[in-house]
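> Quick one, what's the 3D model for this:
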Amino acid sequence: MLILVLILVGMSAGYLLRRIEILKNVNKSITLTICTMLFLLGICVGSNRDLLGNFGNYGWQALLICCAGLAGSILCTLAVNALFFREQGKEGESHE
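Here you go, the predicted model:
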C-alpha cells in the first residue's frame, strides 16, 4: 500500500511541477537510475547461492508466471481495444 501511495504522491507532484524547466530534463537521470538498479539487482541475484542452486525450480516457476502475465496483458489489451477503440475507428471511417 505504501508503494501505491508513493506513486500517487509522485504523480501528483509531477503534475503540479510540470512547468518547471529543470524537471523536464529528468528523463536521462531516471533512465540511468533504473539501469543502475537493474545492474545491482543482477549482482544480488548472482551472489545468492540458494537462488542459483535452485534455479531449475525457480526458473520454471518464473517462466510460467512471466508467460501467464504476458498472456493476460495481451488478452486485456485485445478486450479493451475491442470494447473502446474499434467502434471509434468505424465511426471515423464512415464520416470520411
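> Mind telling me what element the most centrally placed residue in the chain is part of?
Nearest residue to the geometric centre of the chain (Cα atoms, centre = their mean): residue 73, 11.3 Å. Using DSSP states H and E, residue 73 maps to helix 55-80.
> domain ranges for the chain?
By the assignment in automatic domain parsing, the chain contains the domains 1-47, 54-96.
> how about CSV for the ones you listed, with mean pLDDT added?
Shown next, in CSV, are the domains of the chain (pLDDT from 0 to 100):
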stretch, mean pLDDT
domain 1-47, 89
domain 54-96, 81
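> where does residue 20 fall, phi/psi-wise?
Main-chain dihedrals, residue 20, degrees, to the nearest 10: phi -80, psi 130.
> From residue 25, how far out is residue 45?
Residue 45 is 32 Å from residue 25, where distance means Cβ to Cβ, to the nearest Å. From N, CA and C alone the C-beta is placed, and that goes for glycine too.
> higher neighbour count, those two?
It is residue 45, of residue 45 and residue 25, that has more neighbours when counted by other Cβ atoms under 10 Å, with 11 against 8.
> Who's the closest spatial neighbour of that one, skipping the chain neighbours?
Sequence neighbours aside, residue 51 is the residue nearest to residue 45 in space, at 6.1 Å (criterion: Cβ to Cβ, 6 or more residues apart in numbering).
> Which of the three states applies to the one you found?
helix (DSSP: H, G, I helix; E, B strand; the rest coil).
> That one: how many residues sit nearby?
Residues lying near residue 51 (other Cβ under 10 Å) number 12.
> likewise residue 58?
Look at residue 58: counted by other Cβ under 10 Å, it has 13 neighbours.
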